[in-house]
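In: Would you be able to build a 3D model of this:
(one chain, ligands or ions: 1)
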Amino acid sequence: METLITGGAGFIGRWVVQKLLSKNERVVVIDNLSNGSRENLAEFRNNPNLIEFIVDDICNDKILNYLFKKYTFSKCIHLAAQINVQESIDNPHKAFENNVIGTYKLLEKVRKSGTKLILVGTCLVYDLATSNSAISEEHKTNPMSPYAASKLATEELALSYYNCYKTPIVILRPFNTYGPFQKTNSEGGVISIFLTRKLNNQNLMIFGDGTQTRDLMYIEDCVDFIIEASEKKEAIGEIINAGTGKDIAIKDLARLIIQDENKIVYQKHHHPQSEIMKLRCDPSKAKKLLNWEPKFTLEEGIAKFERWLKSYNRI
Ligand SMILES: NC(=O)c1ccc[n+]([C@@H]2O[C@H](COP(=O)([O-])OP(=O)(O)OC[C@H]3O[C@@H](n4cnc5c(N)ncnc54)[C@H](O)[C@@H]3O)[C@@H](O)[C@H]2O)c1
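Out: Next up, the predicted model:
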């Protein structure tokens, strides 16, 4: 049986495809290439287990009908989403349409076919952390942007399918993820932007005073988490966080990357109301339920990513 990967030509999707192919699993990808690329999957072009790569939209009923008629998917790893926070603030409709309606259409298909859906959500659904404690799955949710709201809505919708129809659903909330194949423009994450600017001999720009913190997870750890959660039956019906359990202030991250205070520039925040000041994951549920733990330190992950950026001449 095949696994359907939505958003499989994007950053995390590309790594999920690679991991499943390395396990000799059969994979079907759908991606509308709004933020992904054919090049991300080019190295797998001749792999017979990449059964089909469809460039289309998950909101397109015709293509979903075609896919679910042709294949009996054992699972669907759902990554397709409009991920840009600023874009969602400028155009909430797009985030809603893409993320909520797209997920609803997919849910209808997995409900009817009995396919397990692994919904990749986000840590941005959480309310501001008021203390130094890490964010567990029990932490209150309170979306600060239409992006976060749309992702939370997809979770709620998926949970209703689990409760109401017993559709096997797994909800994952990875914290900020970085690594090779991530976009290096504003659609990328903070590490990919900082590394690119450093390698281009540009200053690192920080929005606000740089005291906001992030729990940054290397892509291979994130993908191991997604795969473990997709395989273990204990994960069904659960919401599970993944992160390193350690956070770093953005100004300290900039210092770690560039080691030159003069190249760090602070600028006015463009959406302070949607900034989450402290993001540190409590990954203990993932450890307990999936026996998953991150393997890469921040320093190791950054070094790997920087080597990749240089060697592939991506800058
Ligand atoms: N990168 C992170 O730090 C991070 C952290 C937590 C959660 N996530 C979640 O993981 C998922 C993947 O994120 P990513 O960083 O790889 O982003 P990405 O933009 O690189 O990947 C998303 C992919 O989905 C595709 N897509 C978007 N809308 C689509 C649609 N309607 N139909 C078909 N394809 C569509 C895009 O073209 C893109 O290739 C997202 O759901 C995101 O919310 C990401």
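
In: Up against the ligand, what does this structure have?
Out: For the chain, the contact set with the ligand under Cβ under 6 Å from any ligand atom comprises 6-7, 9-13, 30-36, 57-59, 79-83, 98, 102, 120, 122, 151, 174, 176-177, 189. Any C-beta I mention is one placed from the backbone N, CA and C, and that applies to glycine too.

In: Strands - which of those land there?
Out: Here DSSP state E is the test, and these give 6, 30-31, 120, 174, 177 as lying in strands.

In: Tally up the residues packed near the nearest residue to residue 148 once chain neighbours are set aside, please.
Out: Leaving aside its chain neighbours, residue 148 sits nearest to residue 124 (4.2 Å; criterion: Cβ to Cβ, 6 or more residues apart in numbering). Other residues lying near residue 124 total 22 when counted by other Cβ atoms under 10 Å.

In: still on that earlier bit, would you turn the ones in strands among the residues of the chain next to the ligand into JSON lines with pLDDT?
Out: Formatted as JSON lines, those follow (pLDDT from 0 to 100):
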{"residue": "6", "pLDDT": "98"}
{"residue": "30", "pLDDT": "98"}
{"residue": "31", "pLDDT": "98"}
{"residue": "120", "pLDDT": "98"}
{"residue": "174", "pLDDT": "98"}
{"residue": "177", "pLDDT": "97"}
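
In: Tell me the buried residues within these.
Out: By neighbour count, with 16 or more other Cβ atoms under 10 Å, those hold 6, 30-31, 120, 174, 177 as buried.

In: so can I have JSON lines of those residues showing distance to residue 53?
Out: Output for these, formatted as JSON lines (distance: Cβ to Cβ, whole Å):
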{"residue": "6", "distance to residue 53": "12"}
{"residue": "30", "distance to residue 53": "8"}
{"residue": "31", "distance to residue 53": "8"}
{"residue": "120", "distance to residue 53": "19"}
{"residue": "174", "distance to residue 53": "24"}
{"residue": "177", "distance to residue 53": "22"}
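
In: In the stretch 151-300 of the chain, what residue comes closest to the ligand?
Out: Nearest to the ligand in the stretch 151-300 of the chain, going by Cβ to the nearest ligand atom, is residue 177, at a distance of 3.7 Å.

In: how far away is the residue sitting furthest away from the middle of the chain from residue 254?
Out: Computed with Cα atoms, centre = their mean, the residue of the chain farthest from its C-alpha average is residue 262, at 32.3 Å. Note on residue 262: its distance to residue 254, by Cβ to Cβ, to the nearest Å, is 12 Å.

In: show me where pLDDT drops low in the stretch 151-300 of the chain?
Out: 186-187 (pLDDT under 70).

In: all helices for it, in order.
Out: Assigned by DSSP state H, counting those that start in this stretch, the helices in the stretch 151-300 of the chain fall at 190-199, 219-231, 250-258, 284-290, 298-311.

In: My read is that residue 211 contacts residue 251, right?
Out: Yes - assessed by Cβ atoms under 8 Å, residue 211 is found in contact with residue 251 at 6.8 Å.

In: tell me the domain ranges of this protein?
Out: Domain segmentation of the chain under automatic domain parsing yields 2-178+217-244+280-295, 190-213+247-279+302-311.

In: quick one: which of those domains is nearest residue 184?
Out: domain 190-213+247-279+302-311 (4.0 Å; Cβ to Cβ).

In: Check the separation of the first and last residues in that closest one.
Out: 20 Å (Cα to Cα, to the nearest Å).

In: before we move on, back to that, residue 211 and residue 251: which is more packed in?
Out: residue 251 (19 against 12).

In: What is the burial count for the closest residue in space to the more buried one that isn't next to it in sequence?
Out: Distances taken as Cβ to Cβ, 6+ apart place residue 210 nearest to residue 251, at 3.0 Å, with adjacent residues excluded. By other Cβ under 10 Å, the residues close to residue 210 number 17.

In: before we move on, what about residue 131?
Out: Residues within reach of residue 131, counting by other Cβ under 10 Å, total 6.

In: so how far is the ligand from it?
Out: 23 Å (Cβ to the nearest ligand atom, to the nearest Å).

In: now residue 74
Out: Per Cβ to the nearest ligand atom, residue 74 is found 20 Å from the ligand.

In: Surely that residue is in contact with residue 113?
Out: No - using Cβ under 8 Å, residue 74 is not in contact with residue 113; the gap is 10.0 Å.

In: Spell out which residues sit in contact with residue 205, please.
Out: Residue 205 sits next to 197, 265-267 when contact means Cβ atoms under 8 Å, 6 or more residues apart in numbering.

In: Give the buried subset of these as a PyMOL selection command.
Out: Burial among the contacts of residue 205 is assessed by 16+ other Cβ under 10 Å; the matching PyMOL selection reads:
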select buried, resi 197
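
In: That's all I had, so thanks and see you.
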